[in-house]
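quick one, structure for this:
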Amino acid sequence: MRSTRLGVYGCLIAVLLGTAGVGAAAATVYEDLLKKARNGDVRAQVEVGLALLNGEGTTADPKAAAAWLRQAADSGDPQAQTQLGFLYARGLGVQHDPAEAVRWFTRAAAWGYAEAQYDLGMAYLSGSAGPVDAAEAIRWLTKAAEAGVPEARLNLGLLYSEGRPGIIRDLVQGRRWLYAAAKSGSFCAEYNLGVLYNTGLGVAVDAKEAQKWFRRAASHAGQNGTLAEVARSCGAGPDAR
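The predicted model follows:
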């Protein structure tokens, strides 16, 4: 699963980064949000929770972050529900509880929240809170991918390209989702498209096309980056990249 998601608060801090007195400004933003959160503003409760989790404008306090996120989650905010699920999945500020994580992901996913759909799909894929359920994994990952989540598109591309118990190998679908992920900016998708064309997996071998995708992937590793570094970074098989 991915790291914490930045909401409005993260955007506000980003705007302030180019100005003097960033620390003081961030603290002011946080205090304003905290007042709103204490008055029952659900959106502010989410942002205060994220600020406490990331230590932005205040001292990092995962336990306090979880408390604010729970308030917002109990009010039905899907971002808070997803983030709270993430905390339970990682044991940050709360006791590690994969089943509780899945419960919160499920609630948020039912609202159509794409981030939660992705996390729920990955939970079913890994079996982190029960038996592996490939069908449910594909169902939720597809919803997230169709909503534009790059990691969901990448993992669907890998799953269909490789196949696994409960998932029939489908190289056409695999290539389709890898292209979609690459279009979303996933360098791991670019790397794997290079592998497909280099090996002829579901496509005709095309060294020129393979090199095109390899170059694109390597460009994300910096001026002195290498394709080997990209390969190590992307690893093997479906994962949260």
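
any idea how far the helix or strand hosting residue 102 is from the chain center?
Assigned by DSSP states H and E, residue 102 belongs to helix 98-110. Put simply, helix 98-110 sits 15 Å off its chain's centre (Cα atoms, centre = their mean, to the nearest Å).

likewise for stretch 175-182?
With Cα atoms, centre = their mean, you get 17 Å for stretch 175-182.

mean confidence for that stretch?
Per-region confidence: stretch 175-182 scores 97 on mean pLDDT.

what's the domain layout of the chain?
Following the assignment in automatic domain parsing, the chain carries domains at 1-117, 148-241.

may I see these organised as CSV, with mean neighbour count and distance to residue 135 added?
From N, CA and C alone the C-beta is placed, and that goes for glycine too. What follows is those, written out as CSV (neighbours: other Cβ atoms under 10 Å; distance: least, Cβ to Cβ, whole Å):
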stretch, mean neighbour count, distance to residue 135
domain 1-117, 19, 15
domain 148-241, 18, 6
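
mean pLDDT lowest for which of these?
domain 1-117 (a mean of 86).

I figured residue 111 hits residue 78, correct?
Yes - applying Cβ atoms under 8 Å, one finds residue 111 in contact with residue 78, separated by 4.4 Å.

if we can go back for a sec, after the helix holding residue 102, next one along is what?
By DSSP H and E, the next helix or strand past helix 98-110 is helix 114-126.

tell me the helices and strands packed up against the helix ranked longest in the chain.
The longest helix of the chain (DSSP state H) is helix 22-38. Other elements packing on helix 22-38 under the criterion 3 or more Cβ pairs under 8 Å, 6 or more residues apart in numbering; DSSP states H and E are helix 8-16, helix 42-54.

before we move on, back to that, show me the one of the domains of the chain that comes nearest residue 139.
Checking the domains of the chain against residue 139 by Cβ to Cβ gives domain 1-117 as the closest, at 9.0 Å.

residue 127: neighbour count?
13 (other Cβ atoms under 10 Å).

mind pulling up the pLDDT for it?
For residue 127, pLDDT reads 95.

for residue 99, see how far away it is.
12 Å (Cβ to Cβ, to the nearest Å).

then residue 134?
19 Å.

what of residue 34?
31 Å.

and the angle for the longest helix of the chain with helix 42-54?
140 degrees (axes from the mean of the first three to the mean of the last three Cα atoms, to 10 degrees).

adjust the sequence numbering to begin at 13 for everything that follows.
I'll keep to 13 as the first residue from here, and by that count the last item is helix 34-50.

was I right to think residue 210 contacts residue 220?
No - with contact defined as Cβ under 8 Å, residue 210 does not count as touching residue 220 (10.6 Å).

mind listing what's buried in whichever strand or helix holds residue 152?
Element membership for residue 152, per DSSP H and E: helix 146-158. Applying a neighbour-count criterion of 16 or more other Cβ atoms under 10 Å, the buried positions in helix 146-158 are 146, 149-150, 152-157.

ok, so of those residues, who is nearest residue 98?
For these, the nearest to residue 98 is residue 156 (14.6 Å; Cβ to Cβ).

mind listing what that closest one touches?
By Cβ atoms under 8 Å, 6 or more residues apart in numbering, the contact list for residue 156 reads 126-127, 129-130, 133, 164.

now render the residues you listed as JSON lines, adding distance to residue 206.
Shown next, in JSON lines, are the contacts of residue 156 (distance: Cβ to Cβ, whole Å):
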{"residue": "126", "distance to residue 206": "27"}
{"residue": "127", "distance to residue 206": "28"}
{"residue": "129", "distance to residue 206": "28"}
{"residue": "130", "distance to residue 206": "24"}
{"residue": "133", "distance to residue 206": "25"}
{"residue": "164", "distance to residue 206": "21"}
